[in-house]
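Engineer: Dropping the sequence and predicted coords here.
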Amino acid sequence: MPRTIWSGAISFGLVTVPIHVVSATENHAIRFHQYHLDDMSRVRVRKICEIEDREIPQGEIGKAYEISKDTLIAVTDEELREMPLPTAKAIEIAAFVPAASIDPLQVGDGYYLQADGPVAAKPYKLLRMALERSAKVAIAKYAWSGRERLGMLRVRDDAIVLHAMRWPDEIRSPKELIPDAVEVSDDEIEGAQALIDHMTRDDLEGSEFEDHYTDALAEVIKAKREGHAPPEMPEPASPQGKVVDLMAALEASVKKARTSRGESNADVHELHPKKTTAKKTAAKKTAAKAKRSA
């Protein structure tokens, strides 16, 4: 059972839902420590007081705001918890919006909201079912770790999930990164859409969505522990060179996608056979007309 990160309530109009917040994700990555390679002794980070020149235990460390080099204002964790904000002890829902209106760049880590006991069960289920039927997400404000934050509540299975969000003014504009104006034909767009269709999935199940890096790293560690040479990296595929013909590249990509899904490529010759046929028919009519005129 994951530990409780924060306890409080969801404020939904005049309805209050007591909840516990727990992490919704796990990290399965292999972690390393830092060592001095000459003697393999552990390298650690210590917190040293600049005035007393000694290591400071965590209990003596606090927060302070620097007004100037010589003026610091200490702020305790208790003062942060007791700030006169409605969001200090509650996740306060401010609005409901269509999920599609949320920029994914704003969405951060996810947390499960767990109903705090039998009394909270009914209002929790009420909010979950209302969200589910509305096909909307709730936008809320809450205060954690010394700052007020923006959050999004959505439904996953039978649980309510809170996603941390960035404030709108924290998202940088991409204008300076947009490439110079280029022309893209309708055929090229339709070719890309055909590739999207052939690569479309109903879920993210399958070996291509597994963490192969962690598995490979575990094999390296196992081999070194047993005194064997680490597995060799397979030879990378030879570079295909610069892509000049986008349509040819798209057609080859569609064939590759069909092959990976076990489909036949027998009928994949051109991405737009109808348009090609129309062009050939028009050409034949023009040639016939010219022949009659002669």
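Structural biologist: Thanks, I have the structure now. Numbering: from 1, shown residues only.
Engineer: mind checking how far Glu2 is from Pro231?
Structural biologist: One correction, residue 2 is Pro, not Glu. According to CB to CB, to the nearest Å, Pro2 and Pro231 sit 34 Å apart. Glycine gets a C-beta too; all of them are placed from N, C-alpha and C.
Engineer: These two: which is more packed in?
Structural biologist: Counted by other CB atoms under 10 Å, Pro2 and Pro231 do not tie: Pro2 has more neighbours, with 14 against 11.
Engineer: Let me see the domain layout of this protein.
Structural biologist: Here the domain parsing of the chain from automatic domain parsing is 4-26+81-170, 180-200+244-275.
Engineer: so of the ones you listed, which one's packed in deepest?
Structural biologist: Each of the domains of the chain was assessed for mean neighbour count using mean count of other CB atoms under 10 Å. The highest is domain 4-26+81-170, with a mean of 15.
Engineer: mind listing the helices for the stretch 101-250 of the chain?
Structural biologist: 118-134, 186-199, 212-225, 246-260 (DSSP state H, counting those that start in this stretch).
Engineer: Show me the one of those helices that comes nearest His28.
Structural biologist: Of all those, helix 212-225 sits nearest to His28, with 6.4 Å by CB to CB.
Engineer: List the contacts of the closest one.
Structural biologist: With contacts defined as CB atoms under 8 Å, 6 or more residues apart in numbering, helix 212-225 is touched by His28, Ala29, Ile30, Ala229, Pro230, Pro231.
Engineer: Give the closest residue to the last one in space, chain neighbours not counted.
Structural biologist: Spatial nearest neighbour of Pro231, chain neighbours left out: Glu219 (5.5 Å); criterion: CB to CB, 6 or more residues apart in numbering.
Engineer: OK, contacts around the closest residue to Lys47 other than its chain neighbours?
Structural biologist: Nearest residue to Lys47, sequence neighbours excluded (CB to CB, 6+ apart): Ile56, at 5.2 Å. Taking CB under 8 Å, 6+ apart, we find Ile56 in contact with Lys47, Ile48, Cys49.
Engineer: Select the helix or strand of the chain having the lowest average pLDDT value.
Structural biologist: helix 273-293 (a mean of 47; mean pLDDT, DSSP states H and E).
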